Structures are given as structure tokens and as C-alpha cells.
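In: just a sequence and a predicted model for now, questions to come.
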Amino acid sequence: MGGEFQAAFWAAKRAMTTAAEAAYNRHGVRAGQQFVLHQLWEEDGLTPGELARRLELAVPTVTRTATRMEAAGILRREPHPSDARLVRLCLTDRGRELKDIMTAEITQLTERALRTLDPADRERFTHYLNEVRANLV
């Protein structure tokens with residue numbers, strides 16, 4: 001069972017990653033940047049440190065991602081209003097426009113991934129994935 005589970009899990013993860021990257025790339029978003037976008041859609045103007053804590057990432061990882069997103073015109077750096085040592089990451093108009101676009105892409109990707117499962121199976125599958133994660137942390 002162990003080998004079969006590992007093979008199935010990693011094949012599914014790889015397929016999901018490949019499909020997600022293709023969907024996001026169509027809109028100039030690289031894999032992983034959707035997580036930064038989600039946080040900034042919820043609360044624009046976070047510092048790289050605040051984003052890193054929320055996403056459980058290292059600050060340099062967020063800084064590199066922000067640099068790429070800034071070059072793509074998705075966000076901009078602004079001085080922090082009360083601490084000159086910090087910058088805030090703020091969405092551009094393009095970054096805000098991506099919210100509906102990316103939400104639609106995620107919805108389509110989810111439907112494509114789960115299309116053969118009925119609603120009860122989808123719910124159980126999500127529950128099991130959360131169980132697997134909880135078992136490992």
C-alpha cells in the first residue's frame with residue numbers, strides 16, 4: 001500500500017501543479033504567486049515579513065517573489081507610513097483585476113480535477129487530504 005499511495009499522491013500532485021501553472025501562466029502569474037495574491041486581496045499593503053509569517057515562508061522567498069511580481073506589473077513597493085526601514089507590498093490595478101480571473105481559473109481547475117467525483121466523494125476526498133496533512137505535521 002505504501003508504494004501505491006506514494007506513487008498516486010505524487011502523480012496527482014504533479015498533474016495538479018502542471019495544470020495550475022498552465023492556468024496561471026496564461027495571465028502572467030507564476031506558480032506560488034497566487035498565495036501572495038490571495039493574502040494581498042484580503043489585506044493590501046502587507047510587508048514582506050507579514051506575508052512571510054502568514055504564508056509560513058522565509059522573508060527572502062517573499063522578497064524574491066515580490067520582485068518578480070513587481071516586474072510583471074502585479075504589485076508595487078511603497079514606503080511604510082510609520083517605519084522607514086520597511087516597505088509595503090501593494091497591488092496594482094492589474095493585481096486587483098486578477099482576483100476575478102484567478103478565482104475563475106481556480107474554480108475551473110478544481111472542477112476539472114474533481115469532475116468524476118460526486119459531491120459527497122468530493123467532500124470526503126477533501127477531508128482525507130486534510131487528515132493526511134494533519135497526520136504529518
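Out: Received the coordinates, thanks.
In: next, the residue nearest the centre of the chain: phi, psi?
Out: In the chain, the C-alpha nearest the mean C-alpha coordinate belongs to residue 35, at 2.7 Å (Cα atoms, centre = their mean). When read as degrees, to the nearest 10, the backbone of residue 35 gives phi -70, psi -40.
In: go on, residue 26?
Out: phi -60, psi -20.
In: tell me the pLDDT at the residue lying closest to it once chain neighbours are set aside?
Out: By the measure of Cβ to Cβ, 6 or more residues apart in numbering, the closest residue to residue 26 outside its immediate chain neighbours is residue 105, 7.7 Å from it. Where you see a C-beta, it was placed from the backbone N, CA and C, and this is true even at glycine. pLDDT, residue 105: 91.
In: cool, residue 22 as well?
Out: As predicted, residue 22 sits at a pLDDT of 94.
In: from residue 16, how far off is it?
Out: Using Cβ to Cβ, to the nearest Å, residue 22 is found at 11 Å from residue 16.
In: return every residue with contacts to both of the two.
Out: Residues touching both residue 22 and residue 16 (Cβ atoms under 8 Å, 6 or more residues apart in numbering): none.
In: ok, the residue nearest to the residue nearest to the centre of the chain when sequence neighbours are not counted to residue 64 distance?
Out: Nearest residue to residue 35, sequence neighbours excluded (Cβ to Cβ, 6+ apart): residue 55, at 5.6 Å. As judged by Cβ to Cβ, residue 55 and residue 64 stand 13 Å apart.
In: neighbour-wise, which of those two wins?
Out: Counted by other Cβ atoms under 10 Å, residue 55 and residue 64 do not tie: residue 55 has more neighbours, with 16 against 12.
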